[in-house]
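>>> A structural model of the following input is requested.
(4 chains)
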Protein chains: 4
Amino acid sequence: MAGNTFGNIFKLTTFGESHGVAIGGIIDGCPAGLKLNFEAIQQELNRRKPGQSTIVTQRKEPDTVEFLSGIFEGQTTGTPIGFVIKNTNQKSKDYSHIKDVYRPSHADYTYEKKYGVRDYRGGGRSSARETACRVVAGAIAKQIINSIKINAYTSSVGDIFLEKPYQDLDFSKTERNDVRCPDQETAERMIEKIKAIKKDGDTIGGTITCVLQNVPIGLGEPVFDKLHADLGKAMLSINAVKGFEYGSGFCGARMKGSEHNDLFNEDGTTTTNLSGGIQGGISNGMDIYFRVAFKPVATIIQKQNALDSSGNIVEMQGKGRHDPCVVPRAIPIVEAMAALVLADFYLLNKIYS
Amino acid sequence: MAGNTFGNIFKLTTFGESHGVAIGGIIDGCPAGLKLNFEAIQQELNRRKPGQSTIVTQRKEPDTVEFLSGIFEGQTTGTPIGFVIKNTNQKSKDYSHIKDVYRPSHADYTYEKKYGVRDYRGGGRSSARETACRVVAGAIAKQIINSIKINAYTSSVGDIFLEKPYQDLDFSKTERNDVRCPDQETAERMIEKIKAIKKDGDTIGGTITCVLQNVPIGLGEPVFDKLHADLGKAMLSINAVKGFEYGSGFCGARMKGSEHNDLFNEDGTTTTNLSGGIQGGISNGMDIYFRVAFKPVATIIQKQNALDSSGNIVEMQGKGRHDPCVVPRAIPIVEAMAALVLADFYLLNKIYS
Amino acid sequence: MAGNTFGNIFKLTTFGESHGVAIGGIIDGCPAGLKLNFEAIQQELNRRKPGQSTIVTQRKEPDTVEFLSGIFEGQTTGTPIGFVIKNTNQKSKDYSHIKDVYRPSHADYTYEKKYGVRDYRGGGRSSARETACRVVAGAIAKQIINSIKINAYTSSVGDIFLEKPYQDLDFSKTERNDVRCPDQETAERMIEKIKAIKKDGDTIGGTITCVLQNVPIGLGEPVFDKLHADLGKAMLSINAVKGFEYGSGFCGARMKGSEHNDLFNEDGTTTTNLSGGIQGGISNGMDIYFRVAFKPVATIIQKQNALDSSGNIVEMQGKGRHDPCVVPRAIPIVEAMAALVLADFYLLNKIYS
Amino acid sequence: MAGNTFGNIFKLTTFGESHGVAIGGIIDGCPAGLKLNFEAIQQELNRRKPGQSTIVTQRKEPDTVEFLSGIFEGQTTGTPIGFVIKNTNQKSKDYSHIKDVYRPSHADYTYEKKYGVRDYRGGGRSSARETACRVVAGAIAKQIINSIKINAYTSSVGDIFLEKPYQDLDFSKTERNDVRCPDQETAERMIEKIKAIKKDGDTIGGTITCVLQNVPIGLGEPVFDKLHADLGKAMLSINAVKGFEYGSGFCGARMKGSEHNDLFNEDGTTTTNLSGGIQGGISNGMDIYFRVAFKPVATIIQKQNALDSSGNIVEMQGKGRHDPCVVPRAIPIVEAMAALVLADFYLLNKIYS
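Coordinates of the predicted model:
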């Protein structure tokens, strides 16, 4: 397996299976002399952790990060930051029934075919538990680029859409409800929807919108590593993501140039922002905003057919404790991945400016 | 500027501005002993080149690729393949009017701010002309993975959508019309639309759907370098792209798990394919399909306000020869980028199988 | 700090300071299905660990490796292998005297100037303790390329040279004495030398010769990543190394072409092997051999002048427990780095063969 | 083939065979706004080119570099710099006799075994002609780090050694003689030696010493990418190099710590410099100096046995025009590779300072 490293300058490499000893990672390339706010890091992990509300998985894991290196007397030394998060609440027995079974729309089958061997417990490496490491690194990245505001929120759950544009929202309200939608009225409908879905033993998809504000002009490299291309890859690498669009997105594909062009103000800002804050792959100082689509979680608590390793179709039923909707817990992951991309380009840009 | 290399094993590095001496590239990591079909390579370039039909830019450039190395007696030697495409039809004077002007929704302003200096002629490095190099490399990549079928086609132009699912299409018809839509009736409406838009001096967006068939099981790396994450980045790195979705995409975000899960057949195939041929970031042998959104071309032949380098709003009008809709010429680019991603993962996978 | 990753396919990333919580690493790119011999891994660590004999530092550290991921039921799963080695015998107080002092020929001064902050305890990240992580990864790499024989040994300590060519040595005797020289008579003289040096509170340099046998033809990439270039970098990245030569080495620079050329036998082997098993950067199947020079350890138990952070010359004396000669404990490190290079090229070569 | 790229930030990728259409490269990561001195670039190429004196190959090639991109109105734009050097004086017929023959101590055999196919003319990709591209990129790198003085010179030819330390030399005299040794008396003996060797149809090895002065403190990354490790790899990647040592080098391995430690002056400089300007992998501001060993050129104009592709030993005799000693023409290559390493670390360091 390759591909466990993200970033070019501020690099995160992660390891770990959901039911192994621990998950963790190494951050290489963090500048020295950064006074870390450890509470802020743990706070991000808490936003992602299981069991935080009634609409997410009831699994309880403290998800406490332990730093092993790279920090001395509270500040970074420039050396690699190693960290681990112990796996404490493994109910591996919950998974003995899937040892020889490939669950539909999971990674069981593809891992088995690719590697010939797999740690089937809890999805092993394919578990979204891996994203806790991204949240740790993202929380540090946020402290490097602390003048940039990163705000993600739930913009739809199933067919319930938050219809307001982001400009009309108060992001400080996002954390006030369990679904992380800053519009309270919509949030309540979303929560109701998730509860109903959960009662049915089913799951539901949704979308997250993320807004990046106060981004300096000049981030992004203009050919293959366009800022939005790396943001897109970052988001698509999160479990369950099926789509990414930024600025005008898929709607932009229906528009005319005369409608779509963002005219300049004298100070270099633009009167409209269908470009989504990026032109030619480089940030232009306007708000960057994008939308990420999450499919419904594949584990449902209903009887379903699965395939066993002998090629038989067998009936199975999801056990364990799962999320009826992945979106509320994915908010800090989306923000973390955005922070990783921004910090990476921010540091890279120091070379050339 | 960084980020002019794509791929990890089969690596393409490109150079060149639209109005410089030449554009070109180096392919590193191509296996030895591949008998190249040079006609097929030039044919792909011809599909992308300007002037090929009445609905694309009327600029004439032969876009002939010259190989400088890495090929001996018609086959690859395993050494890097250097190639150039000369710029022959530069009307640099067409661009003198934008020397000190930043066109709306172009990369002029961001390049200037990032680099402090830019080759303003024809967009310089930000010109979509760079993608010709991708088409060359993609055409070679296609020959490495020649059992995989790669078919892209125009699935919408503005509000005209091809409503049929890809399974109902005959891809051999894609090249039969100028807009590259395999459904003739829809194609005609699209062409009509583009002609009307062109007459107005305006431009229009659109979408491309791409289908990858006969992909071996096991391509993709399961954490950051998921197959769809790299496909997404590849597509988002193409000029004018605003969005990417694969499988159920944004629609999947509205669905329930019980609807969305793809149940297995006994042979490991699935009865439905909302996953889009990828599970856990790894190909599962089913068709991979994705959709790419292109915004309308920013250069319009209408009067528009622009910004000059002294901070004044000035009136300008697009000159030169531009595409009213980028989508028909982007088809071979989408295919090329898909081929680059697939060839890269295909070669990487040899290590582990 | 960048540069904490080694390898392209079989990649090791390390973290950790000598007096932090732990050191450790992540191996990404290890093939799945490898049944690990854990005893062999720990055995390599034991060869490197402090306190193993009277001629090395008397610090006692068990240096037990704990694997956190990537292994299931005794075999690799293809996912990243995370591991830690706890720091158990830190006498950080030993180092309080160097908090504001830069020791001569250590990395204290350069770290301070580069990073502005440093963990001064035990040399922090610059401590050779980091190499324990390389030994772990190297021990796994050895199991991937287990048909290749890797044998390093002490070929000189100060002015005492092992005069015999490697062909006259029995490598099975290397571990029979504390200095790891396979010639018992020379070994005894070396040990005596080290003991005398130690008694004086001084240290001494030395060289290690390493022989790689049964290397398949074709490893190495012929331009920048020549096999010997990567071996050289690997060795030069080990603490205290000042030089690297392979095959005829510096002696070859005194020879004539008519003397130096290795003539072929009919089976493709060569009658002589001044090339050192590598031609054009690629292994040719003959033995690869190289020599690595280590300077004397900088910490001596004698009074010396040092520089303090206020710019004063101050007298200091090395405390703590240090090696009088680094070479005996560096043998497994040299082998580990050679194994990492070979495994990396071995896996890469699968793509092209 | 992989490994045709050098550097992490200032990246050079090269292509080309000695008897193909052209050789060339792409430099990615060059900062914008650098006013290039083109004459200085060509001048470096001239120092490397064949036919420049009576003691090097009499092949005549103008080796004129043509820049294709990345430069606008005389200065770099930050976009990739593509360049080619045409192959103009190919006497490919000179090589028809080696089509099916593997010359001793050349790369013919290993290329054939690795790739199964090769461009045998003039050594193809394994020809030292590739290094002309390194000289181009190095000449640009020198202009980025123009306050650093880089001086290489011939320090031995066969058994004739320049005995003076570099501090006693006047580097401005290096170019005054054909062998590039700044001590005229020694130079004359070296030239005489090479002429005698040439007359015999033989070749001779030698060493190059390189001195880097005025290097800022802080270059180099302290674990795997130590400054001297990357310098070592850079040198070992040059054709015919067999060894590398820096600072005290192999001599240092014979010394005691009390002799070898470099004591500080109050200003952070050191009274001696056995460290060679690098401590812990990071430059300390003192002079960096290193020595590189070159084997004798393998092509000799004497009868020798070779191996043919059918497994027969056949007699052959070198034809064509070859260097009796590679060292004089390798001086600019050593300097270029040093410049590439320094520029890369210099740019990287901007991120962290």
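>>> spatially, and excluding backbone neighbours, which residue is closest to the closest residue to chain D within the stretch 1-150 of chain A.
Going by Cβ to the nearest Cβ, chain D is nearest to residue A:31 of the stretch 1-150 of chain A, at 5.4 Å. The way it works is simple: take the backbone N, C-alpha and C, and place the C-beta from them, glycine included. What sits nearest to residue A:31 in space, not counting adjacent residues and going by Cβ to Cβ, 6 or more residues apart in numbering or on different chains, is residue D:352, at 5.4 Å.
>>> ok, now which ones touch the residue of the stretch 1-150 of chain A closest to chain D?
For residue A:31, the residues meeting the contact criterion (Cβ atoms under 8 Å, 6 or more residues apart in numbering or on different chains) are A:76, A:78, A:144, A:347, D:351-352.
>>> ok, residue A:19 touching residue A:118?
No. Using Cβ atoms under 8 Å as the test, residue A:19 is too far from residue A:118 to be in contact (11.7 Å).
>>> which one of those two has more residues nearby?
When residue A:19 and residue A:118 are compared on other Cβ atoms under 10 Å in any protein chain shown, the one with more neighbours turns out to be residue A:118, at 25 against 21.
>>> quick one: contacts for the residue in chain A sticking out farthest from the centre?
Centroid-distance maximum for chain A: residue A:266 at 36.6 Å, with Cα atoms, centre = their mean. With contacts defined as Cβ under 8 Å, 6+ apart, residue A:266 is in contact with B:307, B:311-313.
>>> what about 7 Å?
Taking Cβ atoms under 7 Å, 6 or more residues apart in numbering or on different chains as the definition of contact, the neighbours of residue A:266 are B:311-313.
>>> again with residue A:277
Taking Cβ under 7 Å, 6+ apart as the definition of contact, the neighbours of residue A:277 are A:215, A:283-284, A:286-288.
>>> who does the helix or strand of chain A with the lowest mean pLDDT touch, helix- and strand-wise?
For chain A, scoring each helix and strand by mean pLDDT, DSSP states H and E identifies strand A:313-317 as the least confident one, at a mean of 91. Packing contacts for strand A:313-317, counted by 3 or more Cβ pairs under 7 Å, 6 or more residues apart in numbering or on different chains; DSSP states H and E, involve strand A:303-308.
>>> over the strand it packs on, what's the mean pLDDT, rounded is fine.
Throughout strand A:303-308, pLDDT has a mean value of 94.
>>> would you mind writing the CA trace of that strand as CSV?
This file holds the C-alpha atoms of strand A:303-308, laid out as CSV (Å, rounded to 0.1, in the frame of the first residue of the first chain):
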residue,chain,number,x,y,z
LYS,A,303,-30.9,-7.7,6.6
GLN,A,304,-28.9,-7.6,3.4
ASN,A,305,-27.3,-10.0,1.1
ALA,A,306,-23.5,-10.2,1.2
LEU,A,307,-20.9,-12.3,-0.5
ASP,A,308,-18.7,-14.8,1.3
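>>> list the buried residues for the least confident helix or strand of chain A?
Buried positions in strand A:313-317, judged by neighbour count with 16 or more other Cβ atoms under 10 Å in any protein chain shown: residue A:316.
>>> same check, this time on stretch A:172-187
Applying a neighbour-count criterion of 16+ other Cβ under 10 Å, one finds A:174, A:177-183, A:186-187 buried in stretch A:172-187.
>>> check stretch A:56-70 too.
Within stretch A:56-70, judged by 16+ other Cβ under 10 Å, the buried ones are A:56-57, A:59, A:61, A:63, A:65, A:67-70.
>>> next one: stretch A:185-197
Residues of stretch A:185-197 classed as buried under the neighbour-count rule (16+ other Cβ under 10 Å) are A:186-187, A:189-191, A:193-194, A:197.
>>> and the residue in the stretch 201-350 of chain A that chain C sits nearest to, what is it in contact with?
When distances are taken as Cβ to the nearest Cβ, the stretch 201-350 of chain A approaches chain C most closely through residue A:347, which lies 10.2 Å from it. Residue A:347 makes contact with A:9-10, D:351 under the criterion Cβ under 7 Å, 6+ apart.
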